[in-house]
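[1] quick one: sequence and predicted model below, then my questions.
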Amino acid sequence: MTDYYRTIKEIIFALVIVFTFTTLVLLAAGAPPFEAYYHIFKGALGSWIRFSHVIKTWIPLTLCACGLLYTFRINLWNIGIEGQMMMGAVFTTACLRFGLESPVQPLFLWFSFAAGITGGAIWAFGAGFLKTKGGVNEIFAGLGLNFVAQGIILWLIFGPWKRPGVASMSGTEIFPHTMWLPHLTSIRLSPVGLGLVTLALVITALMLRYTRIGLYLKAIGNNPNAARIFGIKRAKYMLIAMLFAGGFAGLAGSLQVTGVYHRLLPAISSNYGYLALLVVMLANYNIWLAPFIAFFFACLNVGSIQLPMVLQLDSSLSGVIQGSLVLAALAVHAWRTFRKDNSHRGIE
Amino acid sequence: MKKIVLSIITLSLVFSIFFIFACTDTEPPEKTGNAFTFGLLMVGPYNDHGWSQAHYEGGKYVEKMVPRSKMIYIDKVNPADRAGVTIPQLVDDMVEKGATLIIANSDDMKDGTREAANQHPNVHFIHISGDDVLTGKGPKNLSNLMGKMEYGKMMAGFTAALTTKTGKIAYLGPLINEETRRLASSCYLGARYAWEKVLNKNAADLKFQVTWIGFWFNIPGVTADPTQVAQNFYNTGYDVVVSGIDTTEALVVAGQKRKEGKTVWAIPYDFEGACEGGSDVCLGVPYFNWGPSYVDMIKKSMAGTWKPEWIWLEPNWENINDLNTSAVGFAAGPAISSTTKQELDTFIKELGAGTLNLFTGPLQYQDGSIFLKAGENANDQQIWYMKQLLKGMGGQSSAK
């Protein structure tokens, strides 16, 4: 339990650093800092509709964060999560297009989730395979595959899946309403999306805490040599972790297509994969904190649009806040490790 | 187990705090004492010296002409600049801020605008350059507005053909769709007319090349880089580049080439003030003047006489550069020669009087199929939905 509170304490400490820093940045830019914070806050949570937009961002962010927990557990930097999300979106779109002719369109909506998970998992497997068999660092493999995934999306949008007579990066033809993720008009949210995220959180928590896979991932992550002595196959569990990460990212991509844009477009992943990396790091790889951090990031993302709209400021400020938050969190971690090391030495 | 319980408790606590907050703060639209608030969504920066700035100025014009009206705007609304931000999301926000009419200024926003219009049946929407009213896909609160830039592009092509020394004119195209096809084609028609009828040269000797970059402006890593495309044009003997994109790269590159000693020109697009900063190379700019049409539509919305319309406005032929009446104009640039200017004025007079119609057959599409039979005049819909570029033009007609 003390670990838990220490993390929270660290987050608060990091927050203080970050807000001091951003306030200075805002002052330097000649903008009223507290008004800016107020507008971000109100822009994200000022009404139910705004809140529903925050949740729409929170869903893919949390799904990606869930996936990343597996790979971070085994010490893999799955930066390819962005591409995995894109491929999830591509497979989903392919599945939906296939279903366009079919009389049972809504059925294909469900198939498309499976397709999205498969797409993401295949892409993650690619990076995992390069890592385990080819010895390619997963960061490079992942980044490379991100570019390939982006290339595939652009090619599909300009080529085989283009709108008739059009060559524009605006995306593919919009799907009919029957193939949109059903959402409740009264709350502007999709119960399916929320259900899937909750499921993902529960599954991830149980997997990591109570199953053999979770235990082995942790064992390899903490001490690969010891794990080898105990006969745990490192490569196998790395691939398993990648598959889970890719699957969840693919599902996030799926929901972007079916629930948000209703078509495939080049920016379908909206950088949520990269953002999720920051979320998980800031949460100190803790599954119970990740959804809250993701929620906070989603608020920043949605609320920051108020900056250009109301204060004529550049909205990239939210990026500054998010980036410096992670840097501050890492700094706090480093400081803690440093202090721990020193105190150990003191005892000796 | 303890952790799970604790988390669920915290989670529900946070949410309930929010619920209280959300319920108490029903937020009536911010009453600013304005009779009419309208929202403007711009695809590019509001100061891009091109497409988006022309809209921004149009909005400012409304604020000046319609008493107690107020604009709220957001620029750079495109997936590259604002990843994850959707049109319905922005519209929701603007409506909460009290907007009762929303202008969406990009073809790229077609789907999002339609979705938002369906969600807000009591708010009026103007989708610029779209055709949802024609196709019947849009709801009743959505109208389409566009200016007949075809004439502006004809004037640009006309000026380019009279200016070029090499007989090679380039068109820096954005993405390929019906709008861009008809605009590039109009430019070619103007150029060919000047080439054949004013200069008495053989149409086959005029080279007119279109290169598409893939979007309305440069998105690094996604579109072709318009700066490179323009450089490439000038390096391969094209001495006039007519821009069809939202931003001013062609003019900037032309200025650089001029400094290197090359005799080149450029014709930017969209915004009346686009020639600024390129005075030695700018032949002129065909531009949109959105203000008057915005005022018209907003007055209709205020008076309750709104109906879904598809509006495609001609220039005011009395004076195409009258900013209070004309939807489309052509501002001659500092680099245009006085003889060319005179010829252009005659050309504009003929177009305005209707004695000259460049969309008259025989005209063939690029692949040789017939667009207009001999003597046939194209109607609005034929021009709007052109399927290919015209014969004689180089470049792609649609995606490969």
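    Looks like it came in fine.
[2] what residues of stretch A:92-104 count as buried?
    For stretch A:92-104, a neighbour-count test (16 or more other C-beta atoms under 10 Å in any protein chain shown) marks A:92-97, A:99 as buried. For every residue, glycine as well, the C-beta is placed using N, CA and C.
[3] rebuild the residues you listed as CSV, extending it with distance to A:Ala276.
    What follows is these, written out as CSV (distance: C-beta to C-beta, whole Å):
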residue, distance to A:Ala276
A:Thr92, 18
A:Thr93, 21
A:Ala94, 24
A:Cys95, 24
A:Leu96, 24
A:Arg97, 27
A:Gly99, 29
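[4] tell me who's in contact with residue 129.
    No chain was given, so I picked chain A. A:Leu239 (C-beta atoms under 8 Å, 6 or more residues apart in numbering or on different chains).
[5] that answer is for a different chain, and I need it for chain B
    For B:Ser129, the residues meeting the contact criterion (C-beta under 8 Å, 6+ apart) are B:105-107, B:144-146, B:179.
[6] coming back round to it: tell me the least confident of the buried residues of stretch A:92-104?
    Model confidence across the buried residues of stretch A:92-104 bottoms out at A:Gly99, which has 89.
[7] A:Thr132 contacts A:Ala241, correct?
    No. With contact defined as C-beta atoms under 8 Å, A:Thr132 and A:Ala241 do not form a contacting pair (10.8 Å).
[8] what about these two, which has more around it?
    The residue with the greater number of neighbours, taking A:Thr132 and A:Ala241 and applying other C-beta atoms under 10 Å in any protein chain shown, is A:Ala241; the counts read 28 against 18.
[9] separation between the more buried one and B:Ile169?
    In this structure, A:Ala241 lies at 58 Å from B:Ile169, with C-beta to C-beta, to the nearest Å as the measure.
[10] so what touches stretch A:204-224?
    A:66, A:69-70, A:72-75, A:226-227, A:230, A:232, A:234, A:237-238, A:240-241, A:244, A:248, A:287-288, B:4.
[11] of the residues you listed, buried ones?
    Buried residues within the contacts of stretch A:204-224, defined by neighbour count using 16+ other C-beta under 10 Å: A:66, A:69-70, A:72-74, A:227, A:232, A:234, A:237-238, A:240-241, A:244, A:248, A:287-288.
[12] which pLDDT value belongs to B:Ser186?
    Taken from the predicted model, the pLDDT recorded for B:Ser186 is 97.
[13] neighbours of it, how many?
    As a measure of burial, B:Ser186 has 26 neighbours, counting by other C-beta under 10 Å.
[14] three-state assignment of it?
    When the structure is reduced to helix, strand and coil (DSSP: H, G, I helix; E, B strand; the rest coil), B:Ser186 reads as helix.
[15] got a list of what it touches?
    B:Ser186 makes contact with B:149-151, B:153-154, B:157, B:358 under the criterion C-beta under 8 Å, 6+ apart.
[16] now do the helices in chain A.
    A:2-28, A:33-45, A:48-73, A:81-99, A:105-132, A:138-158, A:191-210, A:212-222, A:224-229, A:234-255, A:272-282, A:290-303, A:306-310, A:317-347 (DSSP state H).
[17] the second one - contacts with which helices or strands?
    What that stands for is helix A:33-45. Contact analysis of helix A:33-45 by 3 or more C-beta pairs under 8 Å, 6 or more residues apart in numbering or on different chains; DSSP states H and E lists helix A:2-28, helix A:48-73, helix A:290-303, helix A:306-310, helix B:2-24 as its packing neighbours.
[18] mind doing that once more with 7 Å?
    Using 3 or more C-beta pairs under 7 Å, 6 or more residues apart in numbering or on different chains; DSSP states H and E, the elements in contact with helix A:33-45 are helix A:2-28, helix A:48-73, helix A:290-303, helix A:306-310.
[19] same check, this time on the first one
    Other helices and strands packing on helix A:2-28, by 3+ C-beta pairs under 7 Å, 6+ apart, are helix A:33-45, helix A:317-347.
[20] distance from it to the middle of the chain?
    Centre-to-centre, helix A:2-28 and its host chain are 22 Å apart (C-alpha atoms, centre = their mean, to the nearest Å).
[21] what lines up beside the helix or strand harbouring B:Ala170 in the sheet?
    With the criterion set as DSSP states H and E, the secondary-structure element containing B:Ala170 is strand B:168-173. Listed by DSSP bridges, the sheet partners of strand B:168-173 and their directions read strand B:207-212 (parallel), strand B:240-243 (parallel).
[22] hey, C-alpha coordinates of that strand in PDB?
    Output for strand B:168-173, consisting of C-alpha atoms alone and laid out as PDB, is shown next (Å, rounded to 0.1, in the frame of the first residue of the first chain):
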ATOM      1  CA  LYS B 168       5.100  26.200 -70.700                       C
ATOM      2  CA  ILE B 169       2.500  26.800 -67.900                       C
ATOM      3  CA  ALA B 170       2.400  24.800 -64.800                       C
ATOM      4  CA  TYR B 171      -0.600  24.300 -62.400                       C
ATOM      5  CA  LEU B 172       0.300  23.500 -58.800                       C
ATOM      6  CA  GLY B 173      -2.800  21.400 -58.000                       C
END
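[23] can you give me the neighbour number for A:Arg228?
    The number of residues packed near A:Arg228 is 13, by other C-beta under 10 Å.
[24] distance of B:Leu199 relative to chain A?
    Here the distance between B:Leu199 and chain A works out to 33 Å (C-beta to the nearest C-beta, to the nearest Å).
[25] A:Leu63 and A:Ala121, how far apart?
    Looking at A:Leu63 against A:Ala121, where the rule is C-beta to C-beta, the gap reads 13 Å.
[26] sorry, wrong one. I was asking about A:Leu327.
    From A:Leu327 across to A:Ala121, the span is 32 Å (C-beta to C-beta).
[27] got the buried residues of stretch A:92-104 as CSV, with distance to chain B columns?
    As requested, the buried residues of stretch A:92-104 are exported to CSV (distance: C-beta to the nearest C-beta, whole Å):
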residue, distance to chain B
A:Thr92, 17
A:Thr93, 14
A:Ala94, 18
A:Cys95, 20
A:Leu96, 15
A:Arg97, 16
A:Gly99, 19
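[28] so can I have JSON lines of the contacts of B:Ser129 showing neighbour count and secondary structure?
    Listed next are the contacts of B:Ser129 as JSON lines, based on neighbours: other C-beta atoms under 10 Å in any protein chain shown; DSSP: H, G, I helix; E, B strand; the rest coil:
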{"residue": "B:Asn105", "neighbour count": "29", "secondary structure": "coil"}
{"residue": "B:Ser106", "neighbour count": "25", "secondary structure": "coil"}
{"residue": "B:Asp107", "neighbour count": "23", "secondary structure": "helix"}
{"residue": "B:Asn144", "neighbour count": "23", "secondary structure": "strand"}
{"residue": "B:Leu145", "neighbour count": "23", "secondary structure": "strand"}
{"residue": "B:Met146", "neighbour count": "21", "secondary structure": "strand"}
{"residue": "B:Glu179", "neighbour count": "20", "secondary structure": "helix"}
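[29] where does the prediction get shaky in chain B?
    B:1-34, B:399-400 (pLDDT under 70).
[30] typo on my end, chain A
    Judged by pLDDT under 70, chain A has its weakly predicted residues at A:1-2, A:315, A:343-348.
[31] which residues of it lie near chain B?
    Applying the criterion C-beta under 7 Å from any C-beta of the partner chain, the portion of chain A that neighbours chain B consists of A:45-49, A:51, A:53, A:57, A:154, A:158-159, A:162, A:165-170, A:174, A:260, A:263, A:265-267, A:270-272, A:288, A:301, A:305, A:308-309.
[32] PyMOL command for the buried members of those?
    Isolation of the buried members of those (16+ other C-beta under 10 Å) is achieved in PyMOL through the command below:
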select buried, chain A and resi 45+46+47+48+49+51+53+57+154+158+162+165+166+167+168+169+170+174+260+263+265+266+267+270+272+288+301+305+308+309
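[33] now B:Asp131. Nearest residue, chain neighbours left out?
    Once flanking residues are discounted, B:Asp131 sits nearest to B:Asn144: 6.0 Å by C-beta to C-beta, 6 or more residues apart in numbering or on different chains.
[34] cool, and B:Lys299?
    Of all residues not flanking B:Lys299 in the chain, B:Val66 sits nearest, at 7.0 Å (C-beta to C-beta, 6+ apart).
[35] with that, I have no additional questions.
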